[in-house]
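J.: Quick one: sequence and predicted model below, then my questions.
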Amino acid sequence: MRSIRPGPRDPANATVAVTCSVIAHLMDTEVPVDKVAILALLEAKPGKENELEEFLKSAQPLAVQEAETTSWYAVKLGPARFGIFDTFKNDAGRDAHLSGPIAKALMARAGELLASPPQIEKIDILAGKAPGA
């Protein structure tokens with residue numbers, strides 16, 4: 001019985017070599033961390049907590065459609081306190097988000113859902129751990 005082993009010119013050998021090269025490169029490549037973010041703090045009007053929570057959950061598909069929004073999180077901080085935290089590679093992406101459909105929808109319903117105007121902070125990311133890092 002003859003043993004089959006890839007020779008130096010065998011395509012399987014080349015595939016293994018390329019795969020190993022790519023893996024080595026990825027291990028040495030720094031994964032870029034986003035540079036800027038938004039932290040929006042929201043306080044629901046009494047009796048509007050569930051509506052605000054559902055509104056935030058419904059915004060997730062809109063965030064997925066925003067090419068320049070790297071990550072987007074809607075969070076519950078307390079019974080009536082909520083927040084949105086999202087990250088971007090640069091100011092242009094952040095500015096696009098602030099004038100995008102989520103911000104417009106939130107501002108259109110702010111009087112109905114929020115006890116006070118949203119506190120929106122533009123923040124700089126100093127350090128982080130990104131997926132794949």
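T.: Yep, it's here.

J.: Who are the contact partners of the nearest residue to residue 64 once chain neighbours are set aside?
T.: Nearest residue to residue 64, sequence neighbours excluded (CB to CB, 6 or more residues apart in numbering): residue 72, at 8.0 Å. Every residue, glycine included, has its C-beta placed from N, CA and C. The contact partners of residue 72, taken as CB atoms under 8 Å, 6 or more residues apart in numbering, are 60, 63-64, 66, 84-86.

J.: And the residues you listed, which two are furthest apart?
T.: In terms of CB to CB, these reach their longest pairwise distance at 64 and 85, which sit 15.6 Å apart.

J.: Settle it for me: which of these two has more neighbours?
T.: Neighbours were counted for residue 64 and for residue 85 using other CB atoms under 10 Å; residue 85 has more, 16 against 10.

J.: Residue 95 belongs to a helix?
T.: Yes. Looking at residue 95 with DSSP: H, G, I helix; E, B strand; the rest coil, it is inside a helix.

J.: any idea how far residue 72 is from the residue lying closest to residue 45 once chain neighbours are set aside?
T.: Using CB to CB, 6+ apart and skipping the chain neighbours, the partner closest in space to residue 45 is residue 115 (4.8 Å). From residue 115 across to residue 72, the span is 23 Å (CB to CB, to the nearest Å).

J.: likewise residue 94?
T.: From residue 94 to residue 72 the distance is 12 Å (CB to CB).

J.: same thing with residue 39?
T.: 12 Å.

J.: okay, and the common contacts of those two?
T.: By CB under 8 Å, 6+ apart, the residues touching both residue 39 and residue 72 are 84-85.

J.: Pull out the buried residues from the contacts of residue 72.
T.: Neighbour-count burial (16 or more other CB atoms under 10 Å) is assigned, among those, to 63, 66, 84-86.
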